[in-house]
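Enquirer: just coords:
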């Protein structure tokens, strides 16, 4: 058995995927239509025979008396017949593999998974469009109090220093670190929120004649540049529909990752309600 693995350039510990991959590569290289030399044809037959044996489609042939050349030229099966048979087997395997791949893509684009992906595509378009609109629409401003703040400082994107505050509405916000006296002297603040999703953008602290604008980090709206392209990925998959690895990767990413993110974001912090009311409530 070892020599048949060696013909395919493999060891006996090779997986089924390794066997198929090496077989396709070698058969394509030595196929009579591509390489008409006698040595290539002989190699092609050996490759075909080795593949059938290591995959269990054919038993190991029993050794017979007489040398190989005499058996090769037996009248009942000429060398040309062997080449034809090997070629036919190769084409049959090739068609089978193509059919398996075609059926796989048909399954991907049918059933409940494809239905869920289409829902995610529509939802992704709606949420991504709303996030972009939030960049240009006016802000809501709510008045609240800072009831608790942390003096521990952490690093954010762009080397910004941030700390945690809690408002009178039990909302915890990561804000860019400022003088803690702002909250101690006057803990009443105004919070700027995006129009549609009411996502906090800035905390406004008025101290005497000065208004401090404190950016809020790590919010739904804060990461819009990364979220918008990701949320549009299911839509890309819906219309792309090509039988290639890019479709498979984008399909599974959309179905199992992006869909989960979309539904999580929609049904947390009343975003679904803000969306259907267009941000007015």
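Expert: Noted; the coordinates are in hand. Being a predicted model, the structure only gives us computed values, none of them experimental.

Enquirer: could you pull out the strands for the stretch 151-281 of the chain?
Expert: Secondary structure of the stretch 151-281 of the chain (DSSP state E, counting those that start in this stretch): strands at 154-155, 161-167, 172-176, 188-193, 200-207, 210-217.

Enquirer: what does the last one rub up against?
Expert: Surrounding strand 210-217, the residues in contact under the criterion Cβ atoms under 8 Å, 6 or more residues apart in numbering are 156-157, 160, 162, 173-176, 178, 182, 191, 200-206, 222. To be clear about C-beta, it is placed using only N, CA and C from the backbone, and glycine gets the same treatment.

Enquirer: In the longest helix anywhere in the chain, which residues are buried?
Expert: Of all the segments assigned as helix in the chain under DSSP state H, the longest by residue count is helix 79-108. With burial defined by 16 or more other Cβ atoms under 10 Å, the residues of helix 79-108 counted as buried are 82-83, 86-87, 89-90, 93, 105, 108.

Enquirer: rewinding a little: tell me which of the strands of the stretch 151-281 of the chain sits nearest to residue 250.
Expert: Counting by Cβ to Cβ, residue 250 lies closest to strand 210-217 out of the strands of the stretch 151-281 of the chain; the figure is 29.6 Å.

Enquirer: tell me which residues in the closest one are buried?
Expert: 214-217.

Enquirer: circling back: the helix or strand just after the longest helix of the chain packs against which elements?
Expert: The helix or strand immediately downstream of helix 79-108 is helix 111-134, counting by DSSP states H and E. On a contact count with 3 or more Cβ pairs under 8 Å, 6 or more residues apart in numbering; DSSP states H and E, helix 111-134 meets helix 224-231, helix 233-240, helix 259-266, helix 271-276.

Enquirer: Would you single out the least confident of those helices?
Expert: Lowest mean pLDDT within the helices and strands packed on helix 111-134: helix 224-231, a mean of 89.

Enquirer: now that one against helix 259-266, angle please.
Expert: On the basis of axes from the mean of the first three to the mean of the last three Cα atoms, to 10 degrees, helix 224-231 is oriented at 130 degrees to helix 259-266.

Enquirer: in helix 224-231, what's buried?
Expert: If you call a residue buried by 16+ other Cβ under 10 Å, then helix 224-231 has these buried ones: 224, 227, 230-231.

Enquirer: One more: stretch 230-250?
Expert: Here stretch 230-250 shows 230-238, 247, 250 as buried, counting by 16+ other Cβ under 10 Å.

Enquirer: first to last residue in that stretch, what's the distance?
Expert: 10 Å (Cα to Cα, to the nearest Å).

Enquirer: Any regions of the protein where pLDDT drops low?
Expert: For the chain, the stretches with pLDDT under 70 are 61-79, 178, 180.

Enquirer: Determine the longest strand present in it.
Expert: Longest strand of the chain, by residue count under DSSP state E: strand 140-149.

Enquirer: thinking again about what came up before, out of the buried residues of strand 210-217, who's nearest residue 23?
Expert: Out of those, the member with the shortest distance to residue 23 (by Cβ to Cβ) is residue 217, at 54.0 Å.

Enquirer: Spatially, what comes nearest to that closest one if we skip its sequence neighbours?
Expert: Nearest residue to residue 217 in three dimensions, chain neighbours excluded: residue 174, at 4.5 Å (Cβ to Cβ, 6 or more residues apart in numbering).

Enquirer: same question, residue 118
Expert: Residue 118 sits nearest to residue 238 (Cβ to Cβ, 6+ apart), 5.9 Å away.

Enquirer: Would you check that the one you found makes contact with residue 121?
Expert: Yes - if you go by Cβ atoms under 8 Å, residue 238 and residue 121 touch, sitting 4.5 Å apart.

Enquirer: hey, what's in contact with both of the two?
Expert: With Cβ under 8 Å, 6+ apart, residue 238 and residue 121 have no common neighbours.

Enquirer: neighbours of the closest residue to residue 263 other than its chain neighbours, just the number please.
Expert: Using Cβ to Cβ, 6+ apart and skipping residues adjacent in sequence, the residue nearest residue 263 is residue 123, 7.7 Å away. By the criterion of other Cβ atoms under 10 Å, residue 123 has 20 neighbours.
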